[in-house]
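Undergrad: Mind looking at a prediction? Sequence and model below.
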Amino acid sequence: MSILLFLLWILLNGRVTPEIVVIGAGVAAALMLFMSRFLGWGVRKERDFLRLAPLAALYLLNLLWEVVKAAATVLLVALTPTLRPEPVLVEFHSGLPREYQNVILANSITLTPGTITVFQEGDRFLVHALRREYAEGLSRSSFVLLLRKFP
């Protein structure tokens, strides 16, 4: 985490000079001390974070891909006179056991053009979709499959 904080410091400064490197190292160390003392950050959380980072990156890439695909589809509906929006509300159960997984799924659905999560409680979802086919198969979507791999 200290490396990520240091890299963020360098990125936000936009240049690398000896002063920026020294101050950045000090700020990263101070933030790590604060995080370990007041936020409970430690070696175990650091290990868990590093273990989940590749899966989280894969999920974000998948989300980006799904957003691009959905945006193209919604654009097609908007530009094609014969394809009319047929709004529908669909209820489904994700089957995801943890609350954070269901919240991530709800936010991912809302970020995807053409769908909005209207209601989410536990693994029960109510989703508004621009067309019925946009909401079909949500319980077995790539989002759900990847979220099942999270601990």
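TA: Ah, there it is.

Undergrad: So for the residue nearest to the spatial centre of the chain, what's the pLDDT?
TA: In the chain, the C-alpha closest to the average C-alpha coordinate belongs to Leu60, at a distance of 5.6 Å (Cα atoms, centre = their mean). pLDDT, Leu60: 95.

Undergrad: Buried residues of the helix or strand hosting it, list them for me.
TA: Assigned by DSSP states H and E, Leu60 falls within helix 43-79. Using 16 or more other Cβ atoms under 10 Å as the burial criterion, the residues of helix 43-79 that qualify are 59, 62-63, 66, 70, 73-74, 77. (Glycine included, C-beta is placed from N, CA and C.)

Undergrad: Between these, which sits nearest Arg148?
TA: Tyr59 (11.2 Å; Cβ to Cβ).

Undergrad: For that closest one, which non-adjacent residue is closest in space?
TA: Of all residues not flanking Tyr59 in the chain, Leu146 sits nearest, at 5.0 Å (Cβ to Cβ, 6 or more residues apart in numbering).

Undergrad: Check the offset of stretch 64-81 from the chain's centre.
TA: 20 Å (Cα atoms, centre = their mean, to the nearest Å).

Undergrad: Show me which residues of the helix-or-strand element of the chain with minimal mean pLDDT are buried.
TA: Lowest mean confidence among the helices and strands of the chain (mean pLDDT, DSSP states H and E): helix 132-135, at a mean of 84. Buried residues in helix 132-135, defined by neighbour count with 16+ other Cβ under 10 Å: 134-135.

Undergrad: Same check on stretch 88-104?
TA: So stretch 88-104, judged by 16+ other Cβ under 10 Å, has buried residues 90, 92, 94, 96, 101-102, 104.

Undergrad: can you list those residues in CSV and add secondary structure and pLDDT?
TA: Conversion of those to CSV gives the following (DSSP: H, G, I helix; E, B strand; the rest coil; pLDDT from 0 to 100):
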residue, secondary structure, pLDDT
Val90, strand, 92
Phe92, strand, 92
Ser94, coil, 91
Leu96, coil, 91
Gln101, helix, 93
Asn102, helix, 94
Ile104, helix, 94
